[in-house]
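Student: Prediction below, plus the sequence it came from.
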Amino acid sequence: MTTLGAEEIARRRPVWEAMSDLFLDTEVRFYVPRIARICAATSWSLEQLDRIFWCEVFPLAIGNMLEIAGEWGMLELDETELIQRANEASMPTAKRTLHGWMVDSEWRAAGALIERLRTEPAERWPPLEQAWDVLGRRYFEDPGTDLLFPVDDKLVTLRAGGLAIEDEWRRYEPIARGMLLAGDRHGADARASAVITLLRSAC
């Protein structure tokens, strides 16, 4: 057993908070790019972040997803319990086997984006996060519906800043596809086509 000091606890707080967003009772796939950016900014390896997610946050946060009407705005986890879980560092094997599927694809997607961000200079992280956010919003929404918030201007701005948005979509599409629910996978090509149409309209 380890004992977290005050400095280590302070380092964990933004990561705990970011990771907990994957357990909200809402569309959490939109949060994955931001979660990845916050986690990538730490000095922890992907393996260490994985243990923080599954050993510390998951056991306390998964209950929200099992509620009939869970919290959808912000999940406040008990910090004392988080610290205890961190000190114990034990994997909740049974609980992960039963309920881990509910967040596994989103966390794996975050991991892929963390690795990608860490290959880029820090000044590229904000436009990459914004690009993934825009692309994901078009991809995960029903292709036959209009987006609630227009994103064309954001795409134009990203292009003007030098981001090759089409190339970025080719990298992000398999990650986004991996987050589709089983019932939505048959429509993955239609979703990808909707993104391409959006990119062409924002030239």
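Tutor: Nice, I can see it. Only a predicted model underlies this, so the values are computations on that prediction, with no experimental measurement involved.

Student: Any stretches of the protein with poor pLDDT?
Tutor: Across the chain, residues meeting the criterion (pLDDT under 70) sit at 1-2, 69-71.

Student: Next, name the residue at the spatial heart of it.
Tutor: Nearest to the geometric centre of the chain sits residue 32, at 1.6 Å (CA atoms, centre = their mean).

Student: dump the residue contacts of that residue.
Tutor: Taking CB atoms under 8 Å, 6 or more residues apart in numbering, we find residue 32 in contact with 22, 106, 109-110, 113, 132, 136, 179. Placement of C-beta: from N, CA and C, glycine included.

Student: Work out the gap between whichever strand or helix holds it and the centre of the chain.
Tutor: Per DSSP states H and E, residue 32 falls inside helix 32-40. When C-alpha coordinates are averaged (CA atoms, centre = their mean, to the nearest Å), helix 32-40 and its chain have centres 6 Å apart.

Student: Same check on stretch 165-180?
Tutor: Between the mean C-alpha location of stretch 165-180 and the chain-wide mean there is a distance of 13 Å, by CA atoms, centre = their mean.

Student: and if you look at stretch 158-175?
Tutor: Between the centre of stretch 158-175 and the centre of its chain there are 17 Å (CA atoms, centre = their mean).

Student: Now do that stretch: everything it contacts.
Tutor: Taking CB under 8 Å, 6+ apart as the criterion, the residues outside stretch 158-175 that touch it are 109, 112-113, 116, 127-128, 130-132, 134-136, 139, 155, 192, 195-196, 199, 202.

Student: Which parts of the chain are helices?
Tutor: Shown for the chain, the helices assigned by DSSP state H span residues 6-20, 32-40, 46-51, 58-66, 79-88, 93-99, 101-117, 125-140, 152-160, 165-177, 188-201.

Student: Okay, domains of the chain per the record?
Tutor: Taking automatic domain parsing as the domain assignment, the record places the domains of the chain at 1-119, 121-203.

Student: these two touch, right, residue 77 and residue 57?
Tutor: Yes - contact between residue 77 and residue 57 holds when scored by CB atoms under 8 Å: they sit 7.1 Å apart.

Student: Between these two, which is the more surrounded one?
Tutor: Set side by side, residue 77 and residue 57 give different neighbour counts by other CB atoms under 10 Å, the larger being at residue 57 (26 against 19).

Student: List the contacts of the closest residue to the more buried one other than its chain neighbours.
Tutor: In this structure, residue 57 finds its nearest non-sequential neighbour in residue 19, 4.5 Å apart by CB to CB, 6 or more residues apart in numbering. Residue 19 makes contact with 35, 39, 52-53, 57, 61, 107 under the criterion CB under 8 Å, 6+ apart.
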